[in-house]
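**Q** no sequence on this one, just coordinates:
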C-alpha cells in the first residue's frame with residue numbers, strides 16, 4: 001500500500017465488474033477476449049491472481065490477472081492480463097502490480113511466471129526486460145488470431161513469450177533496487193545490428209539473417225501506436241521485419257535478454273548464452289529514459 005494506491009485481491013461482485021469495465025476501457029468496448037467475472041473468481045480458487053490497485057477514493061486504477069497450472073510438467077503461473085489507467089501510467093503502478101504478483105506466487109511455492117506481450121510495444125518491453133528482468137526464447141506468430149481490439153488493428157497478434165524466474169539473483173536485485181549494470185553487456189558498439197539504421201517513424205532496415213555473434217540487436221519502433229494511427233502500412237512493415245529477425249535468430253539459439261530504451265533508437269539485445277538459474281548473470285546496461 002502507498003499513499004497513491006492499495007493493492008488487494010478482488011473480493012466482491014463490484015470488484016469483478018470494475019475489472020471487466022477496465023478491460024473494455026483498455027482494449028475496446030465489447031472486447032471479445034475480456035475475462036468475465038466468473039473466471040476472475042474461479043482463478044482465485046485455483047491459486048491464480050485477480051487483484052486490483054485502488055485509489056484512496058475507491059477507484060480501480062489497474063489490475064493484474066493470471067492462472068496457475070502446469071506447462072511441460074513444470075508448475076508455473078501464466079500472467080494473462082495487466083492494465084493500468086492512462087492517468088496512472090508512468091507512476092510505477094504497473095511495476096508494483098508485477099511485484100505484488102511475484103510475492104503472491106512465491107508464497108504459494110511457484111518460482112516461474114510466464115506471459116506474452118507484443119514485441120512492438122516499447123513501453124511494455126521496458127517494463128518486462130529492464131524493470132523486471134525477464135528473458136524470452138519463444139516467439140509466436142499471430143498467437144491470438146484476429147481480435148476486435150483497436151490495439152491490434154492491422155498488425156496481428158504476434159507475441160514474445162517471456163519467462164520470469166522469480167528467485168533468480170538478477171531478478172531479486174531489480175526488485176530490491178540494488179541492480180547495477182555490469183559485465184560485457186556494456187560494449188554495445190560490438191553488438192551487430194540486425195535491422196540496420198532505423199529510428200522513430202523511419203522505416204526499419206531489411207533484416208540481415210545469418211549473422212554470427214554472441215550479441216545482436218534488433219531495433220524497435222519508439223511508438224507503434226502513433227505509427228498505427230498515421231501510417232498503418234509502416235506499422236505492418238515493422239511487424240514483418242521484426243518478426244523475420246526475431247524468429248530467425250531465436251530458432252537458432254539466441255534469446256532476447258534485454259531492451260534498451262534509447263528514445264531515438266530503442267532495440268532488443270539478443271544473446272547466445274542461455275541463462276542458468278544457478279549461475280551468476282551479467283546484467284545489461286541501464287537504458288536511457
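**A** Great, that's in hand. None of the values given here were measured: they were computed from a predicted structure.
**Q** how about residue 37, what does it touch?
**A** Each residue near residue 37 by C-beta atoms under 8 Å, 6 or more residues apart in numbering is listed here: 13, 16-17, 19-20. For every residue, glycine as well, the C-beta is placed using N, CA and C.
**Q** so which bits of the strand or helix carrying residue 70 are buried?
**A** Per DSSP states H and E, residue 70 falls inside strand 60-71. For strand 60-71, a neighbour-count test (16 or more other C-beta atoms under 10 Å) marks 60-68 as buried.
**Q** just stretch 230-246 next, same as before
**A** Quick answer for stretch 230-246 (16+ other C-beta under 10 Å): 234-235, 237-239, 241-246.
**Q** and the buried residues of strand 60-71 as TSV, adding distance to residue 202?
**A** As requested, the buried residues of strand 60-71 are exported to TSV (distance: C-beta to C-beta, whole Å):
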residue	distance to residue 202
60	39
61	35
62	33
63	36
64	35
65	37
66	37
67	40
68	43
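**Q** the stretch 101-250 of the chain: helices as residue ranges?
**A** For the stretch 101-250 of the chain, applying DSSP state H, counting those that start in this stretch gives helices covering 122-125, 169-176, 224-230, 232-250.
**Q** out of the ones you listed, which is closest to residue 72?
**A** helix 232-250 (17.5 Å; C-beta to C-beta).
**Q** what's the local residue count around residue 74?
**A** By the criterion of other C-beta atoms under 10 Å, residue 74 has 11 neighbours.
**Q** ok, residue 251 to residue 179 distance?
**A** Per C-beta to C-beta, to the nearest Å, residue 251 is found 30 Å from residue 179.
**Q** the two: who's more crowded?
**A** A direct count of neighbours by other C-beta under 10 Å for residue 251 and residue 179 places residue 179 higher, at 18 against 10.
**Q** just confirm the more buried one contacts residue 173, I think it does.
**A** Yes - in this structure residue 179 lies within contact range of residue 173 using C-beta atoms under 8 Å: 4.0 Å.
**Q** shaky segments in the stretch 51-200 of the chain?
**A** Along the stretch 51-200 of the chain, the parts satisfying pLDDT under 70 run over 146-152, 154, 181-190, 197-200.
**Q** dump the helices of the stretch 101-250 of the chain into JSON lines; add distance to residue 136 as well.
**A** Converted to JSON lines, the helices of the stretch 101-250 of the chain look like this (distance: least, C-beta to C-beta, whole Å):
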{"stretch": "helix 122-125", "distance to residue 136": "10"}
{"stretch": "helix 169-176", "distance to residue 136": "14"}
{"stretch": "helix 224-230", "distance to residue 136": "18"}
{"stretch": "helix 232-250", "distance to residue 136": "8"}
